[in-house]
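Engineer: Quick check, what structure comes out for this input:
(2 chains, ligands or ions: 1)
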Amino acid sequence: MKNYKNTPKHLRNLLLAALVALPATGAAGPSGQAMAFTCAGCHGTDGSSVGPSMPAIAGMDPEVFVDAMTAYREDKRNPSIMNRIAKAYSDEQLKDMGWFFASQRLQVFPQDYDAALAEQGAQLHDEYCEKCHENGGRPGDAGTLAGQWMPYLHFTMEDFIDGKRKWPRKMKRKVDAAIDEAGDEAIPALLNYYASQSDIDAEEPNHD
Amino acid sequence: MTEMKRRTFLGIAGGATATLSTLGGTLGGTIAGTLGFPSLVLGAVRRVVVVGGGVGGCTAAKYLRKLDPSLNVTLIEPEADYTSCFMSNEVLSGERTLQSLTFGYDGLRGYGVDVVQDWVVGIDPDTRQVTTKSGNRFDYDACVVSPGVGFKWGAIAGYNEEIANESIPHAWFAGPQTQLLRNQLTSMPEGGHVIIVAPPNPFKCPPGPYERASQIAMYCQHHKPKAKITILDAKDAFSKQGLYIEGWTKLYGYGTDNSMIQWISAAAGGAVEELDPQTRTLIGLVEEFQGDVVNIIPPQKAGEIAFAADLVDGDWCPVDKLTFESSRHPGIYVLGDASSASKMPKSAYAANSQAKVAAAAIIARFQDKEPGDPTFVNTCYSVVGEDFGISVAAVYSLDSDTNTIEPIPGSGGVSPANASPEIRKREVSYAHSWFKNVINDMME
Ligand SMILES: Cc1cc2nc3c(=O)[nH]c(=O)nc-3n(C[C@H](O)[C@H](O)[C@H](O)COP(=O)(O)OP(=O)(O)OC[C@H]3O[C@@H](n4cnc5c(N)ncnc54)[C@H](O)[C@@H]3O)c2cc1C
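Structural biologist: Predicted coordinates:
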């Protein structure tokens, strides 16, 4: 079904905005917006983080959000603090929060990066990562990479490589191939490339 | 498209149609309703006055404007800038400066908040008016009060405000006293003795005195390795105790004869009753303790204005936790450290979380709607030493039968014991990122 994808973006965002503006109908409990507001202390207002080890979650695909939170809830990701927080929410609540963040515009903040590495990373990305992390890793079907803080990206890769987080399908093979090609520079190059993309806040959120 | 997306999409499509008609309905309803009440002028601007430009006040002001840009929001705060207490213990170790904790109010002005530099002396719940020291009056439809804590001077004989400013700082508000304490540490002789007096519950930042001892130990380890730090406690247990002790044992020899940090519980004679400021001697029930540097964190109560405005019952302000409206005077919402919001601790994250609940509830009231179900989060990090961070987290919901904010069973808790060095190190960087995001969310 591609109707959703074909909906003009502005209209779709409007629908999203209308949805989150509505008070939750039916079951009582806090609204998606109210729950999402409590995340801001660590992820920035409406999910655009200014803290280098916290990911931006604004504009995130709602399904990616729910998957991430479910994995934390089930202690399937490196247990830091999110696993303790995720256990407080039901499936339905995670979805409500996910849709709220999906409808927020991602604001990205400039950060220091190494230009030469970033250039090398751009090539590696095109070759190995673009298929899943489309448009240079902008918000989409897979987790947002473009414009994420480098320390956060670093932690995430560390977790994959150390086996503290399960590789998504095909990802390990692709990362291994990138490392085969560029050696120890592969991961820093990719991270610097994603960190270099600070101009994406002009873009419409794209979550499909 | 996956199952979830398809279902959600259908949900949105249906929801959108409903939205349009509901919107029409609500609008029509509101206009008709408004016309039915001659006292309500259509389009009259609602005024909210916020007392105190700290975590609770700033967050409330920002979110009020964010959720309803038609509101007229005035924030009244005596200082030109906000200096955060959170992370101020790092000034003591030398990891950061006071300047790095100081933030102006221009961000809030950017949200259309009118920021007034003044001190509030009275709030009249009948005429709905706030009065300031300089004699100005502000009318309100709703008033948010987040003045933080005040001290119970007199609880420790011989200790008063003047001594705190001059020689024995509390440094429990970040500012000149934090710098004074830092200067005393740097000029302390090698092998000197630092005493921290920790207050009884409840008080602002339950893990704070222990984080402070840790940060001072971090400084001494590098610069005065023979120094000793004694915590004299009015309690027999404290926040994140197990994790602190794990950190102190690993980093500062806790539990050995050579430990840099000692903790003396109330039961072991740690509760002190009197200070001799001349000799910096603390008199406890069992013994006396003399220090080269003494830091007394006095017992606490709600900030002064809470008493002046008759918002307290005992030391703190009772509130309806659905909205944070005062149980004593309608139209006044008390949040942050000054409110009695158990079981939430008095923390910046708690104040930030409560402010959003109150802001949404105030707007609901203005629109003649029922406030939504509240939800709260608290996370609190402590940096025990280099690359050694720990945290506590909780998600809460309201038990409306008992008017208590209860942690959601099965969630929350402290960092795992004996976690890997990577996790401890990561929590330090989370602590610093948290700091940036909470400041961002309250005032940027
Ligand atoms: C050393 C230390 C470390 C801490 N670390 C952490 C931490 O890591 N994490 C965490 O979550 N919390 C931490 N805290 C706690 C946190 O600082 C407080 O819980 C938080 O600031 C409470 O917010 P508030 O709005 O209630 O009060 P505050 O932030 O204290 O703000 C109160 C404001 O009201 C103003 N005010 C008072 N009276 C009046 C009046 N009459 N008129 C006008 N303005 C007035 C004051 O000037 C002040 O700006 C720490 C506290 C300390 C002391």
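Engineer: Tell me the spacing between residue B:316 and residue B:342.
Structural biologist: Using CB to CB, to the nearest Å, one gets 9 Å for the distance from residue B:316 to residue B:342. C-betas here are computed from N, CA, C, even on glycine.
Engineer: what is in contact with these two at once?
Structural biologist: residue B:202 (CB atoms under 8 Å, 6 or more residues apart in numbering or on different chains).
Engineer: the more surrounded of the two?
Structural biologist: Higher neighbour count among residue B:316 and residue B:342: residue B:316, with 22 against 14, using other CB atoms under 10 Å in any protein chain shown.
Engineer: show me where pLDDT drops low in the stretch 101-250 of chain B?
Structural biologist: Within the stretch 101-250 of chain B, not a single segment meets pLDDT under 70.
Engineer: How about the residues of it by the ligand?
Structural biologist: B:119, B:120, B:146, B:147, B:148, B:172, B:204, B:205, B:208 (CB under 6 Å from any ligand atom).
Engineer: among the residues you listed, which are in helices?
Structural biologist: residue B:208 (DSSP state H).
Engineer: ok, and the most crowded of the residues of the stretch 101-250 of chain B next to the ligand?
Structural biologist: Counting neighbours by other CB under 10 Å, residue B:146 comes out on top of those with 33 neighbours.
Engineer: doesn't residue B:49 make contact with it?
Structural biologist: No. Residue B:146 is beyond contact range of residue B:49, at 11.7 Å (criterion: CB atoms under 8 Å).
Engineer: closest point of chain A to the ligand, which residue?
Structural biologist: Relative to the ligand, the nearest point of chain A is residue A:41 (8.1 Å; CB to the nearest ligand atom).
Engineer: ok, that residue - contacts?
Structural biologist: So residue A:41 contacts B:348, B:349, B:352, B:353, B:377, B:379, B:434, B:437, B:438, B:441 (CB under 8 Å, 6+ apart).
Engineer: tell me which element it falls in.
Structural biologist: If you go by DSSP states H and E, residue A:41 is part of helix A:40-43.
Engineer: so what secondary structure elements neighbour the helix or strand just after that helix?
Structural biologist: For helix A:40-43, the following helix or strand on the C-terminal side (DSSP H and E) is helix A:62-73. Counting contacts by 3 or more CB pairs under 8 Å, 6 or more residues apart in numbering or on different chains; DSSP states H and E, helix A:62-73 is packed against helix A:82-86, helix A:91-102, helix B:3-36.
Engineer: Would you single out the least confident of those helices?
Structural biologist: Mean pLDDT values for these show the minimum at helix B:3-36, a mean of 36.
Engineer: ok, then the element right after that one?
Structural biologist: Next element after helix B:3-36 (DSSP H and E): strand B:47-51.
Engineer: following that next one, which helix or strand shows up next?
Structural biologist: Next in sequence after strand B:47-51, counting helices and strands by DSSP H and E, comes helix B:55-67.
Engineer: Is any residue of that following helix near the ligand?
Structural biologist: Yes. Residues of helix B:55-67 are located near the ligand by CB under 6 Å from any ligand atom, namely B:55, B:56, B:57.
Engineer: With adjacent residues omitted, what lies nearest to the residue of chain A found nearest chain B?
Structural biologist: Relative to chain B, the nearest point of chain A is residue A:51 (2.7 Å; CB to the nearest CB). Spatial nearest neighbour of residue A:51, excluding adjacent residues (CB to CB, 6 or more residues apart in numbering or on different chains): residue B:433 at 2.7 Å.
Engineer: Quick check: the one you found is in a strand.
Structural biologist: No. The assignment for residue B:433, made by DSSP: H, G, I helix; E, B strand; the rest coil, is helix rather than a strand.
Engineer: Could you report the neighbour count for it?
Structural biologist: Look at residue B:433: counted by other CB under 10 Å, it has 24 neighbours.
Engineer: shouldn't it be in contact with residue A:54?
Structural biologist: Yes. With contact defined as CB under 8 Å, residue B:433 counts as touching residue A:54 (4.7 Å).
Engineer: what residues are shared contacts of those two?
Structural biologist: In contact with both residue B:433 and residue A:54: residue A:42, using CB under 8 Å, 6+ apart.
Engineer: Please enumerate the helices of chain A.
Structural biologist: Under DSSP H, chain A gives helices at A:3-6, A:9-21, A:32-37, A:40-43, A:62-73, A:82-86, A:91-102, A:115-124, A:134-137, A:150-161, A:171-182, A:186-196.
Engineer: Name the residues of the fifth one that are buried.
Structural biologist: Taking 16 or more other CB atoms under 10 Å in any protein chain shown as the basis for neighbour counts, the residues of helix A:62-73 that come out buried are A:62, A:63, A:64, A:65, A:66, A:67, A:68, A:69, A:71, A:72, A:73.
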